[in-house]
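1. sharing a model prediction with you, sequence too.
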Amino acid sequence: MLVVVKPCSSKSTQSHVKWLKVQFAKKNSENEWFFTSGRFAEDVAQIRSKCVGQATVVVIGGDGTLHLVINATVGQPCNLALLPAGTGNDFARQFKLSMAQWRACVFTGTEQAIDVGMVNGRYFVNMLGIGFSAHVVRTMQSQQKRGQFSYIWAGLLNLFNYRNVRLATSSAPSRSMMMLLIANGQYFAAGLKCAPTARYQSGELVGMHFYGKSFLARVKTFTYMLFAQHMRLSSVIKTAGVHFMIHTDGLDIEADGEIIGQTPAKVSCCPDAIRLKQPANCRVDMHEVSEK
């Protein structure tokens with residue numbers, strides 16, 4: 001196994017690392033460790049090289065670390081095992097698994113094919129955002145430490161200085177928009193269920209178009225989103241498809257919580273692009289997988 005870890009002093013990361021080392025020693029399993037550097041292109045190249053010949057790549061981290069590993073392993077024969085250890089863990093959230101179950105998957109899970117999205121040649125696993133979400137991510141880049149409610153708090157603060165963008169897409173002419181989300185997963189911003197109909201094995205992506213021209217309209221949209229009631233608003237429109245085109249130039253694109261480039265953008269769904277280990281129909285020693 002290859003284990004990819006984002007270096008972090010958090011209790012969850014350290015607990016996963018300690019647990020895995022114990023399991024490797026018990027099972028006498030061959031393993032290799034790679035600690036990410038934060039330099040995307042270099043890390044992708046090294047992970048891609050190191051995963052050759054590996055049956056499983058274990059990811060210890062959040063959506064950003066999973067994003068990195070996805071870009072290194074799409075098209076490779078290995079499967080992925082995830083040990084969520086990020087601030088938001090939004091992609092992992094929709095599986096509704098306990099940490100013991102995620103740990104059990106590393107050694108006993110069965111692989112299932114999962115879709116990913118692709119934007120301008122770069123893969124994303126959970127969510128892509130243009131407009132308000134990208135603005136919030138941009139303002140948070142300087143924060144060294146992010147808590148569970150950092151995204152929501154940053155979103156509330158940025159409502160006061162944010163201005164809508166004009167966005168032209170393949171499905172709509174240029175018009176004022178709060179944000180556009182293109183979703184493979186259901187959650188973003190550390191637990192907001194923004195795309196409730198998205199399914200990671202559906203073969204398509206869900207587009208969530210958030211309009212609302214005034215400051216009060218944006219506040220209303222954000223408030224409704226906090227309680228997963230935004231689909232009731234006439235200013236929120238859902239679409240679905242395999243391909244999306246964003247024609248507007250010069251807008252930030254965030255994907256899986258990271259700024260990855262700017263528009264224009266071509267977004268596509270890549271069905272069954274990765275194989276993620278999920279719980280198998282077998283008896284698991286839950287005491288063992290819960291060891292600290």
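-> Yes, it's here.
2. so where is the protein shaky, pLDDT-wise?
-> 142-149, 280-292 (pLDDT under 70).
3. now for residue 44, how many residues are close by?
-> Using other CB atoms under 10 Å, residue 44 has 18 other residues around it. All C-beta atoms are positioned from the backbone trio N, CA, C, and that covers glycine.
4. and the nearest residue to it once chain neighbours are set aside, how close does it get to residue 140?
-> Nearest non-adjacent residue to residue 44, counting by CB to CB, 6 or more residues apart in numbering: residue 72, 4.6 Å away. Applying CB to CB, to the nearest Å, the value for residue 72 to residue 140 is 24 Å.
5. returning to what we had before: what lies in contact with the helix or strand the residue nearest to residue 44 falls within?
-> Following DSSP states H and E, one finds residue 72 within helix 63-73. For helix 63-73, the external contacting residues (CB atoms under 8 Å, 6 or more residues apart in numbering) are 4-6, 36, 40, 43-45, 47-48, 51, 57, 59, 80, 82, 86, 88-91, 116, 122-126, 255-258, 273-274.
6. any quick PyMOL command for the buried ones out of these?
-> Paste this into PyMOL to select the buried members of the contacts of helix 63-73, with burial taken from 16 or more other CB atoms under 10 Å:
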select buried, resi 4+5+6+36+40+43+44+47+48+51+57+59+80+82+86+88+89+90+91+116+122+123+124+125+126+255+256+257+273+274
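7. tell me which of the contacts of helix 63-73 fall in helices.
-> 40, 43-45, 47-48, 90-91 (DSSP state H).
8. neighbour-wise, which of residue 72 and residue 140 wins?
-> residue 72 (24 against 17).
9. any idea how far the more buried one lies from residue 40?
-> Residue 72 is 10 Å from residue 40, by CB to CB.
10. again, but for residue 76
-> 17 Å.
11. which strand in the protein has the most residues?
-> If each strand of the chain is counted by residues according to DSSP state E, the longest one is strand 265-278.
12. elements contacting that strand?
-> For strand 265-278, the elements it packs on are helix 63-73, strand 79-84, helix 99-108, strand 110-119, strand 243-246, judged by 3 or more CB pairs under 8 Å, 6 or more residues apart in numbering; DSSP states H and E.
13. a markdown table for those, including distance to residue 164?
-> Below are the helices and strands packed on strand 265-278 laid out as a markdown table (distance: least, CB to CB, whole Å):
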| stretch | distance to residue 164 |
| --- | --- |
| helix 63-73 | 26 |
| strand 79-84 | 33 |
| helix 99-108 | 39 |
| strand 110-119 | 21 |
| strand 243-246 | 15 |
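14. ok, which of the ones you listed comes nearest residue 216?
-> Proximity to residue 216 (CB to CB) singles out strand 243-246 among the helices and strands packed on strand 265-278, at 26.6 Å.
15. how close does residue 278 get to residue 205?
-> For residue 278 relative to residue 205 (CB to CB), the value is 21 Å.
16. more neighbours, these two?
-> More crowded of residue 278 and residue 205, by other CB under 10 Å: residue 205, with 29 against 18.
17. find the nearest non-adjacent residue to the more buried one, please.
-> Residue 205 sits nearest to residue 269 (CB to CB, 6+ apart), 4.8 Å away.
18. what pairs with the one you found across the strands?
-> residue 117 (DSSP bridges).
19. ok, it - how many residues close by?
-> Neighbours around residue 269, by other CB under 10 Å: 21.
20. just checking, it touches residue 206?
-> No - checked against CB atoms under 8 Å, the pair residue 269 and residue 206 is beyond contact range at 9.9 Å.
21. mind listing what's buried in whichever helix in the chain runs longest?
-> Longest helix of the chain, by residue count under DSSP H: helix 11-27. Buried residues in helix 11-27, counted by 16+ other CB under 10 Å: 12-13, 15-17, 19-20, 23-24.
22. ditto for stretch 228-242
-> 230-231, 233, 235-236, 239-240.
23. can you tell me which of those residues are in helices?
-> Per DSSP H, the buried residues of stretch 228-242 never map to helices.
24. just send those back as TSV, with distance to residue 136 too.
-> As requested, those are arranged in TSV below (distance: CB to CB, whole Å):
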residue	distance to residue 136
230	16
231	21
233	19
235	19
236	18
239	23
240	25
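25. and which of these is nearest to residue 158?
-> residue 230 (17.2 Å).
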